[in-house]
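[1] Structure, please.
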Amino acid sequence: MTPDDALTLARTRRHFFRDCRVGVGAIALGSLLNRDARAAEQAPPPRAARRDPLAPKPPHFPAKAKAVIYLFMAGAPSQLELFEPKPELNKLHGQKVPETFTQGKRFAFIKGDAKLLGSGRKFAQHGQCGMPLSELLPHHRAIVDDVCWLRGMKTDVFNHGPAKCFVNTGSPQFGRPSMGAWLTYGLGSESDQLPGFVVLQSGPRGPRGGAALYGCGFLPSHYQGVPFLKGPSPVLDLAPPPGYDARRQGEFTAAVNDLNRLRHAATGDPETEARIAAYETAYRMQSAAPELTDLSKETKETLELYGAEPGKPGFAANCLLARRLVERGVRFVQLYHTDWDHHGGALDLGKPLETICREIDRPCAALVQDLKRRGLLDSTLVVWGGEFGRTPMGEKRETTGRDHHVDAYTMWLAGGGVKPGLVYGETDEIGYNVTENPVHVHDLQATILHQLGLDHTRLTYRFQGRDYRLTDVHGTVVRDILA
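    Sure, this is the predicted structure:
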């Protein structure tokens, strides 16, 4: 044999094993499928028998909570109309804000000469904690002593898209993993039939920022949020094609996954592993998702508590669905409800604010009450709030509203090991600056991770040569609010 002949043979052999391995795998795969076809029904193997990136993982330390429900009020509710009565602001209505307040500050629309805007809403103190609540949130009175009220929230970003990105991902720049992605990366999911991170949306449109708010960034794609759609088919293309029974669907899933495993063995690409997990989760969801979203199985009393109706999508249905999701082991459920951007004009602090408060007040209170009576509130951390607050100064358009404000606003937490009935944080007489117990967005993120047993400084992922984390290089756990 000449040297050229030997080289040609070696190349042919390498070509066969490199490029034809799928064909070889297909021969073995055919044998496997013939064996499995004898079963009445075929499904992906249980987690114990497979490598599942969403399998439950141990936390860094004992956790207080197992799951998070994040009620995200997209557009930024006005704390001055809902949670912060300011008699002095009402007295100063129409006066120019002192220059010392606005010097060096940036706002989205108003200028430094904007005039103070008092609130016409009536407030009263409620519960043992004496938390003041606006007339716009009557149902919140029932949960006032179950909630930890954060009235000293602060953030860094004053435009909606980047600010939503900041509170959800820890960065105003798009492309970072969302909080739900970080949690499922760190802890996996306890659900074997549903995604670890589910997104529910209501309102006239989606939130500014879109899928980046619940994406996986540079983490493997199986950690991203899965949006559930309105109606009886919550996930696109979940139902099998006509004529495919469970056995044939199982055979198809097994065949595709075996091919993907062959590819993963050859390349080590984590996205191939993610695809395998997606196929297996989708197979299980075909039976789990329709049952999950069928609210007709709930009692009449429960439906009335939320104000939900079977077959009628909306925020109330999503809150009830969130409870059903955490019952089934989903790690992170995020509800986005839009249209809180009350500058003036078509959206202002009058009827538009009243309408949206009616939409969310009853379901939010019901969720906390329902979790509590079912013994789930201790293990579920409920978070409520938007991306920033609203200015004490008015913004005049066709009508008057409030501009974006990053220096002081209100959020609330319930369950998950936080102190109930605690009013934490204070602002000055006009609601402009935090004067006591400030909580930065990064502090909130660190605290949420902590309650699920994760040290925010240790939950890292190496990307492009450095370790990233949800809180970047910032954040302190707010231990004063922990039970």
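
[2] what bits of this protein have low per-residue confidence?
    Across the chain, the ranges flagged by pLDDT under 70 are 1-51, 231-241, 243-244, 246, 249, 273-287.

[3] May I see the domains of it written out as residue ranges?
    3-38, 49-481 (automatic domain parsing).

[4] hey, which of these is tucked in deepest?
    Between the domains of the chain, domain 49-481 has the highest mean count of neighbours, a mean of 19, where neighbours are mean count of other C-beta atoms under 10 Å. C-beta here means a position set from N, CA and C on the backbone, and glycine is covered the same way.

[5] Distance from that one to the middle of the chain?
    Centroid separation for domain 49-481 versus its chain: 5 Å, with C-alpha atoms, centre = their mean, to the nearest Å.

[6] Distance of the residue minimising distance to the centre of the chain relative to residue 407?
    Most central in the chain under C-alpha atoms, centre = their mean is residue 334, positioned 3.1 Å from the mean C-alpha point. Residue 334 is 25 Å from residue 407, where distance means C-beta to C-beta, to the nearest Å.

[7] And residue 457, by the same measure?
    Residue 457 is 26 Å from residue 407, by C-beta to C-beta.

[8] show me where this protein has helices.
    3-19, 21-36, 79-82, 87-91, 99-102, 160-169, 179-187, 246-267, 270-293, 300-306, 315-327, 351-373, 441-451 (DSSP state H).

[9] Kindly export stretch 384-393 (C-alpha atoms) in CSV.
    Only the C-alpha atoms of stretch 384-393 are listed here, as CSV (Å, rounded to 0.1, in the frame of the first residue of the first chain):
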residue,chain,number,x,y,z
TRP,A,384,-45.6,43.1,44.5
GLY,A,385,-44.4,46.2,42.8
GLY,A,386,-43.3,48.0,39.7
GLU,A,387,-40.0,49.3,38.2
PHE,A,388,-39.9,52.6,40.1
GLY,A,389,-42.3,55.1,41.7
ARG,A,390,-43.9,58.5,40.9
THR,A,391,-42.8,62.1,41.5
PRO,A,392,-44.4,64.4,44.0
MET,A,393,-44.4,66.9,41.2
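
[10] how long is stretch 290-298 end to end?
    One end of stretch 290-298 sits 14 Å from the other (C-alpha to C-alpha, to the nearest Å).

[11] Show me the contact partners of it.
    Residues from elsewhere that reach stretch 290-298 (C-beta atoms under 8 Å, 6 or more residues apart in numbering): 194, 228, 232, 234, 303, 308-311, 317, 320-321, 324-325, 328.

[12] what does stretch 304-311 give?
    So stretch 304-311 is contacted by 232, 294-296, 298, 303, 314, 316-317, 319-320, 362-363, 366-367, 369-370 (C-beta under 8 Å, 6+ apart).

[13] With stretch 352-362 instead?
    71, 73, 78, 81-82, 136-140, 202, 306-307, 314-316, 337, 339-340, 342, 346.

[14] And stretch 199-215, by the same measure?
    The contact list for stretch 199-215 (C-beta under 8 Å, 6+ apart) reads 72, 74-75, 160-162, 164-165, 168-169, 174-175, 177-178, 180-181, 197, 224-228, 313-315, 318, 321-322, 333-339, 359.

[15] one step back: quick one, what contacts the residue nearest to the centre of the chain?
    By C-beta under 8 Å, 6+ apart, the neighbours of residue 334 are 69-70, 72, 180, 197-200, 214, 225.

[16] Out of those, which is nearest to residue 417?
    residue 69 (14.3 Å; C-beta to C-beta).

[17] Hmm, residue 327 and that closest one touching each other?
    No: the criterion here is C-beta atoms under 8 Å, and residue 69 misses it with residue 327 at 11.3 Å.

[18] Just the closest of the contacts of stretch 290-298 to residue 421, please.
    Nearest to residue 421 out of these is residue 320 (C-beta to C-beta; 24.8 Å).

[19] pretty sure that closest one is touching residue 313, no?
    No: applying C-beta under 8 Å as the test, residue 320 and residue 313 come out as separate, 11.3 Å apart.

[20] Can you tell me how far the residue lying closest to residue 396 once chain neighbours are set aside is from residue 86?
    What sits nearest to residue 396 in space, not counting adjacent residues and going by C-beta to C-beta, 6 or more residues apart in numbering, is residue 344, at 6.4 Å. Per C-beta to C-beta, residue 344 is found 20 Å from residue 86.

[21] Also residue 373?
    35 Å.

[22] now swap in residue 387 and tell me
    Here the criterion is C-beta to C-beta. By it, residue 387 lies 22 Å from residue 86.

[23] One more: residue 363?
    Relative to residue 86, and taking C-beta to C-beta, residue 363 is found at 28 Å.

[24] Show me the contact partners of stretch 157-167.
    By C-beta under 8 Å, 6+ apart, stretch 157-167 touches 72, 74-76, 106-108, 155-156, 171-174, 176, 207-209, 212-213, 341, 387-388, 404-406, 441, 444-445.
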